[in-house]
Structures are given as structure tokens and as C-alpha cells.
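Undergrad: Build me a structure from this.
(one chain, ligands or ions: 2)
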Amino acid sequence: MIILALETSCDETSAALLKTEDSRFKVLSNVISSQVKIHEKWGGVVPNLAKREHQKNLPLVLEEALFKVKNEKIDLLAVTVGPGLEPCLWVGINYAKELAAKMNLPLVPVNHIEGHILANFLGKKQKNIFPAVCLVVSGGHTQLIFMTGIGKYKLLGETRDDAAGECFDKIAKILNLGYPGGPIIAQKAEEWKAKGEDRKFNMTLPRPMMHTKDYDFSFSGLKTAVLYEFKKRDPKIRKSSQYIKEICFEAQQSIIDVLIKKTIKAAKDYSVKTIIMGGGVSANKELREQLEERSRKEGFNFLVPPLGLCTDNAVMVAIAAYFHRHQAKKTGWQDLAADANLRI
Ligand code: KG4
Ligand code: ZN
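TA: Numbers count the residues shown, from 1 in each chain. Ligands and ions are numbered 1, 2, ... in the order given. Presented below is the predicted three-dimensional model:
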């Protein structure tokens, strides 16, 4: 079976073709057009600008994705229907409906969060994985989900304010580092660590909600703590690269400490076999390494997508569509609508 998937929920326009044979996947094409340059100067994604860019880019992205597989017959279409920015979601949905009509193909609606989780199942046997706890960390979401099988999820907890990725982005904005903040902060933190620097600036940032009994998170206080720490410094220090690297390291480690603590707690409380991570922030090298190490030490398997499938992409949408392929007929694609707040 060959699945053509579209993803336009935020600021990445993506189309992918995935071939499946006996539950084995082969990515035939995965084209992603990022709008980072456009949103950079606003310090975040501007929904209507993003919509316009999706409209412009989607036909080109699709053409490129299809170019690589000229002689293959497509069997199934898939599109992200939520959660995400509503105007952006509609671009992908309307385009997918047009394709479904033109090509006379079934269309599967995909939940973006489930896509991030199922990005882990490219080439993975599903044996001995469940039950699992999933940590979804993206620009819009930070959730802990108990998973007993594909399609079987129970939300355990989530952020009460900012998402982990949003926290990276807002901290980078405070420090005048650009957008998106995650990769830039990770880079600065890495440079600080690689140099084996001593702590010079005597800063301690909070680990919000780290010891609470629930599975919720809160990251807005950390962002505010960074703002106060930064504002109290002499302008000369604020501009020093040593200071910026140290605060990046400390802020990143605060986020990682909280994520790991709550994830391990959920994994133990629910006696799971596996810890699964997904979403843009799971591209963070330190988080990947530290969560993997803790997971293994505590006796859990650990899954994280390959780097290229952590941030938004249409391959994950195609994988999710494969597992839910039977929903295509039931749903009736004419009724598909965007749901900006779709829950798992
Ligand atoms: O999943 P994603 O691509 O889009 C949403 O669904 O939101 O996640 C984007 C988020 C951004 O906040 C970005 O700063 C963060 O993922 N991110 C990272 C890294 N790469 C992307 N955060 C930390 N470290 C990274 N290496
Ligand atoms: Zn995402």
C-alpha cells in the first residue's frame, strides 16, 4: 500500500509518500518546506502569514514528493486535522479533499499528536512495547499519555500554561537569540558543556512542579525566572557570550529535569514496559540522551524518533494513517473539518 500524507498544522508544509508491506514501512519521499525565515522576525508563528505560505507552498511540496515516485500507484490519502492553527489546518484539509475527489481515493484524518507518537513506529516491531508512557513535547503541547496499544490512549497530565517548546522559544526571545528557540538554546548549551566551563554567574533557575504528585507541568514561571535573571544583569554581561551560554545550559537543564522526573514517575506508577517520546523538542540531544539513560537505568525500553521525524513532517501522518486505514471508509472525507483543539 502507498500512502500520500499532507501536514500543514503549524509552520511546516510537508508531503510524504510511504510504502507499507506486511507492516514494514519505506519512506519513498518526505518533503518539508519550513517557514522559519518568515516568522523569525515576529518571534513566533503568525497564523495568517502561515496560512498564506501553506497555500503557496503545498502544491510545490506535493509536486516534489510525487516526482520521486512517478510510477507508483497511490492507495490512500491522509491529512492532519488537528490540533494546530485552524487557518493552517484548513489549507491541508481542503487540498486533501480536492485530491480525494480527483483521484477517487479514501482519505484518513490524522491527529497531529498521535502522529508525533507513531513516528516511533517506522520500522519498529510492535512486540513488547505496551503498556507505554508517551512524553509528547512540541511547540504547542507537553503531555504525558498512557498508551496500551495503537489508538489506545489515556491522557495522564499536561502543561497548565506554556508547552516545553514554547518555553524554549520564549526564553530565546528574551535572550535575543532568534526563532525557533529550541535548536539555538541547545546549541549554546552544547558549546558551554563542550568547553567544560565552570559556573561563573551563580544562577539557579526553578524546576517548576517537579515534585508535585500529578503528571502536569508548568513552564511559564521558568520563562519569567529567566527574564528576571537576565534583566538584573549589567548590560555588558547580558551581551557576553559566556553568560548567554551558561543561562541557555541552565534553562535547558531545568526543562529536562522536570520532563524526566515526571515521565519516570508516570512510567513507574503505571508499571509500563516502554517510555516513548515524540514532538519537536524530542530533537533535543541532551533530552534524548538523558531520558534514554534514566529509562534504561530504571528498566524501561526507550523509543524516540530519528532526528528528522521529531519536528513536524508528513511521514508521521502517513504512519498514523496506516494504523487507522480502516477509518477512511467510515469517516467519509467530505465531512472532514479542522479541529484546532483536537485531543488525543
Ligand atoms: O512538533 P513541532 O515541530 O511543532 C509543533 O507541533 O509545535 O515542535 C516545534 C518546537 C519548537 O518550539 C522548537 O523550538 C522545538 O520544537 N525544538 C526544539 C529543538 N528542535 C525543535 N527544542 C529543543 N531542542 C531542539 N533541538
Ligand atoms: Zn508538531
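Undergrad: going forward, measure contacts and count neighbours with C-alpha atoms only.
TA: OK.
Undergrad: tell me the SS of Asn30?
TA: Secondary structure for Asn30, judged by DSSP: H, G, I helix; E, B strand; the rest coil, is strand.
Undergrad: What about it, how many residues nearby?
TA: Here the number of neighbours of Asn30 (other CA atoms under 10 Å) works out to 23.
Undergrad: From the chain's centroid, how far away is stretch 96-111?
TA: Counting by CA atoms, centre = their mean, to the nearest Å, stretch 96-111 is centred 24 Å from the centre of its parent chain.
Undergrad: whoops, I mixed them up, stretch 195-210
TA: Relative to its chain's centre, stretch 195-210 lies at 26 Å (CA atoms, centre = their mean).
Undergrad: From what I see, Ser29 and Ala65 are in contact.
TA: Yes - between Ser29 and Ala65 a contact is recorded at 5.5 Å, counting by CA atoms under 8 Å.
Undergrad: which neighbours do the two share?
TA: Residues within reach of Ser29 and of Ala65 at once, by CA atoms under 8 Å, 6 or more residues apart in numbering, are Ala15, Ala16, Leu17.
Undergrad: ranking those residues by neighbours, who comes first?
TA: Ala15 (32 neighbours).
Undergrad: Go through whichever strand or helix holds that residue and flag the buried ones.
TA: If you go by DSSP states H and E, Ala15 is part of strand 12-21. Of the residues in strand 12-21, Glu12, Thr13, Ser14, Ala15, Ala16, Leu17, Leu18, Lys19, Thr20 count as buried by neighbour count, 16 or more other CA atoms under 10 Å.
Undergrad: Tell me the spatial nearest neighbour of the first one, not counting adjacent residues.
TA: Going back to what we said before, that points to Glu12. Ser34 (4.7 Å; CA to CA, 6 or more residues apart in numbering).
Undergrad: now do the second one
TA: In this structure, Thr13 finds its nearest non-sequential neighbour in Ser33, 5.1 Å apart by CA to CA, 6+ apart.
Undergrad: Parallel or antiparallel, list what pairs with the helix or strand harbouring the one you found.
TA: Ser33 is part of strand 24-34 when elements are defined by DSSP H and E. For strand 24-34, the pairing partners within the sheet under DSSP bridges are strand 12-21 (antiparallel).
Undergrad: quick one: the strand it pairs with to chain centroid distance?
TA: Remark: strand 12-21 is offset 17 Å from the chain centroid, using CA atoms, centre = their mean.
Undergrad: for stretch 242-258, same thing?
TA: Distance, stretch centre to chain centre, for stretch 242-258: 20 Å (CA atoms, centre = their mean).
Undergrad: what's the answer for stretch 272-289, then?
TA: 10 Å.
Undergrad: Return the residues of the stretch 201-344 of the chain in contact with ligand 1.
TA: Gly279, Gly280, Val281, Ala283, Asn284, Thr311, Asp312 (CA under 6 Å from any ligand atom).
Undergrad: who wins for neighbours among the residues you listed?
TA: That'd be Gly279 among those, by other CA under 10 Å, with 28 neighbours.
Undergrad: So Lys261: helix, strand or coil?
TA: Taking three-state DSSP, the label given to Lys261 is helix.
Undergrad: Surely it touches Thr212?
TA: No - using CA under 8 Å as the test, Lys261 is too far from Thr212 to be in contact (10.2 Å).
Undergrad: what about the two, which has more around it?
TA: Set Lys261 next to Thr212 and count neighbours by other CA under 10 Å: Lys261 wins out with 16 against 10.
Undergrad: ok, for that one, nearest residue in space, not its chain neighbours?
TA: Excluding its sequence neighbours, the residue lying closest to Lys261 (CA to CA, 6+ apart) is Met210, at 6.6 Å.
Undergrad: Which element, helix or strand, includes the one you found?
TA: For Met210, there is no helix or strand it lies in under DSSP H and E.
Undergrad: For it, give me phi and psi.
TA: When read as degrees, to the nearest 10, the backbone of Met210 gives phi -60, psi -30.
Undergrad: That one and ligand 1: what is the separation?
TA: In this view, Met210 and ligand 1 are 19 Å apart by CA to the nearest ligand atom, to the nearest Å.
Undergrad: With Ala318 instead?
TA: Here Ala318 is placed at a distance of 16 Å from ligand 1 (CA to the nearest ligand atom).
Undergrad: Give me the contact list for the helix or strand where that residue lies.
TA: Under the criterion of DSSP H and E, Ala318 resides in helix 315-323. Applying CA under 8 Å, 6+ apart, the contact partners of helix 315-323 are 3-7, 15-18, 27, 30, 78-80, 108-110, 112, 114-116, 118-119, 121-122, 150, 309.
Undergrad: Pull out the buried residues from it.
TA: So helix 315-323, judged by 16+ other CA under 10 Å, has buried residues Val315, Met316, Val317, Ala318, Ile319, Ala320, Ala321, Tyr322.
Undergrad: go on, stretch 297-305?
TA: Buried positions in stretch 297-305, judged by neighbour count with 16+ other CA under 10 Å: Phe300, Asn301, Phe302, Leu303, Val304, Pro305.
Undergrad: Straight-line length of it, end to end?
TA: End-to-end span of stretch 297-305 (CA to CA, to the nearest Å): 20 Å.
Undergrad: Mean confidence (pLDDT) on that stretch, please.
TA: The average pLDDT within stretch 297-305 is 98.
Undergrad: Show me how far that stretch is from its chain's centre.
TA: Relative to the chain's own centre, stretch 297-305 is displaced by 18 Å; criterion: CA atoms, centre = their mean.
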